[in-house]
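Student: Provided below are the primary sequence and the corresponding predicted coordinates.
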Amino acid sequence: MKKINHRQIVYILLIVICIYTVFSLLFPKQSYVSKTNEIKSLDILGEVENNDVIEQTFISDDDYLKFGIYLATYTEILREGNLIIKITDEDNKTEEIKVMLSRINNDSYYYIDYKLEKNKKYDIAITMENSTKPITLYTTKQQTKDAELKYNGEPQDSMLVLSFMYEEDYYFNIWYCLMASALILAYLVMTKPSKE
């Protein structure tokens, strides 16, 4: 049985890498990317307690898979209560999401699995129930198109700090394949048997 020499193994490896590269180009991996609206004069809304109502209206500037609300717990660990987030789109379709406050960390975004569509208007109403401790939400003076924030019915001169998640094609692994291919080709050239 004829033995396979090391150059043949390298050729096989090069073919496998080329096939993987083509496959990655045709079917790229998806990665999550976050986008946060511009922050100008970061502030807090004030203490949010049970039955307070925060309403944020805005128009989505793109298609997103989820959005995040920037929250703070005054460094307290919350063990009781729920955050209720009611989302209404411009077609008057409403979805209510209940989040246990124990899942919320201080000074961090909590992301809601709700798809936003580009150029559609949304209204987010946030309330809290059965909590023994207040929370707050971060705001920015940087306004976006048709954005309006109300705190217990009172208009505010700011809007909630929101972050948005979307997917984009991930091609970085192809660079690894190209570099590996270049190294293999260099190896094949340098180890090419000389003709007698």
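Tutor: Cool, the structure landed. Residues are numbered from 1 along each chain as shown.

Student: give the contact list for the closest residue to residue 84 other than its chain neighbours.
Tutor: For residue 84, ignoring the flanking residues on the chain, the nearest one in space by CB to CB, 6 or more residues apart in numbering is residue 127 at 4.9 Å. Placement of C-beta: from N, CA and C, glycine included. By CB atoms under 8 Å, 6 or more residues apart in numbering, the residues touching residue 127 are 51, 52, 53, 54, 83, 84, 86.

Student: so what's residue 127 scoring on pLDDT?
Tutor: You'll see residue 127 listed with a pLDDT of 96.

Student: ok, now residue 177?
Tutor: Looking at residue 177, its pLDDT reads 68.

Student: got it, and residue 113?
Tutor: Residue 113 is assigned 93 on the pLDDT scale.

Student: what pLDDT does the residue nearest to it when sequence neighbours are not counted get?
Tutor: Once flanking residues are discounted, residue 113 sits nearest to residue 66: 5.1 Å by CB to CB, 6+ apart. You'll see residue 66 listed with a pLDDT of 94.

Student: Tell me the bridge partners for residue 66.
Tutor: According to DSSP bridges, residue 165 are recorded as the beta-bridge partners of residue 66.

Student: Contacts only, for it.
Tutor: With contact taken as CB under 8 Å, 6+ apart, residue 66 is in contact with 111, 112, 113, 114, 115, 164, 165.

Student: The nearest residue to residue 141 once chain neighbours are set aside: what secondary structure?
Tutor: Of all residues not flanking residue 141 in the chain, residue 41 sits nearest, at 4.2 Å (CB to CB, 6+ apart). Secondary structure, DSSP: H, G, I helix; E, B strand; the rest coil: residue 41 is coil.

Student: All set now, cheers.
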